[in-house]
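Enquirer: have a look; sequence and predicted model below, questions after that.
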Amino acid sequence: MPSITPQSRVWRKPDVLAADVNGEVVMMNAALGEYYGLNPVASDIWRRLDRPTVVADMVRDLVDSYEGDPAVIEADLLSLFDGLQAKGLLVAEMPL
């Protein structure tokens with residue numbers, strides 16, 4: 001599975017069960033029977049994945065929201081997305 005890049009388009013896998021619990025997202029990969037929890041920032045990112053989004057566009061949005069260093073936000077976001085994809089929770093479309 002290739003790594004996600006800033007040009008990739010990503011979105012939540014439709015069959016993932018997710019719920020808000022005290023402001024944080026908990027989810028389940030029903031096919032594997034595994035549960036996952038996200039911290040508040042990752043939960044915010046998960047909520048933004050309700051439709052296909054280009055990673056670079058989300059980086060810009062997160063820089064505006066959190067006033068962080070763009071390079072750090074991009075690296076953290078790519079790492080999060082690679083992890084979510086590896087767990088079967090995220091769909092990624094790689095650029096041509």
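Expert: Yep, that arrived.
Enquirer: contacts and neighbour counts: CA atoms only from here.
Expert: Noted.
Enquirer: the longest helix in the chain is where?
Expert: helix 70-86 (DSSP state H).
Enquirer: for that helix, buried residues please.
Expert: Residues of helix 70-86 classed as buried by neighbour count (16 or more other C-alpha atoms under 10 Å): 73-74, 77-78, 81-82, 84-85.
Enquirer: just checking, what packs against it?
Expert: Packing contacts for helix 70-86, counted by 3 or more C-alpha pairs under 8 Å, 6 or more residues apart in numbering; DSSP states H and E, involve helix 55-66, strand 90-93.
Enquirer: redo that, cut-off 7 Å
Expert: helix 55-66 (3 or more C-alpha pairs under 7 Å, 6 or more residues apart in numbering; DSSP states H and E).
Enquirer: tell me the angle the helix it packs on makes with helix 70-86.
Expert: 120 degrees (axes from the mean of the first three to the mean of the last three C-alpha atoms, to 10 degrees).
Enquirer: which other residues reach stretch 42-57?
Expert: Stretch 42-57 has contacts (C-alpha atoms under 7 Å, 6 or more residues apart in numbering) with 6-12, 24-25.
Enquirer: hey, C-alpha coordinates of it in CSV?
Expert: Backbone C-alpha positions of stretch 42-57 (Å, rounded to 0.1, in the frame of the first residue of the first chain) are rendered in CSV as follows:
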residue,chain,number,x,y,z
ALA,A,42,-7.5,13.7,15.6
SER,A,43,-11.2,13.6,16.3
ASP,A,44,-11.6,17.1,14.7
ILE,A,45,-9.7,15.8,11.7
TRP,A,46,-11.9,12.7,11.5
ARG,A,47,-15.0,14.9,11.5
ARG,A,48,-13.5,16.8,8.5
LEU,A,49,-13.3,13.6,6.5
ASP,A,50,-17.0,13.4,5.8
ARG,A,51,-16.3,13.9,2.1
PRO,A,52,-13.2,13.4,-0.1
THR,A,53,-10.5,15.9,0.8
VAL,A,54,-7.1,16.6,-0.7
VAL,A,55,-4.5,16.3,2.1
ALA,A,56,-2.8,19.6,1.2
ASP,A,57,-6.2,21.5,1.5
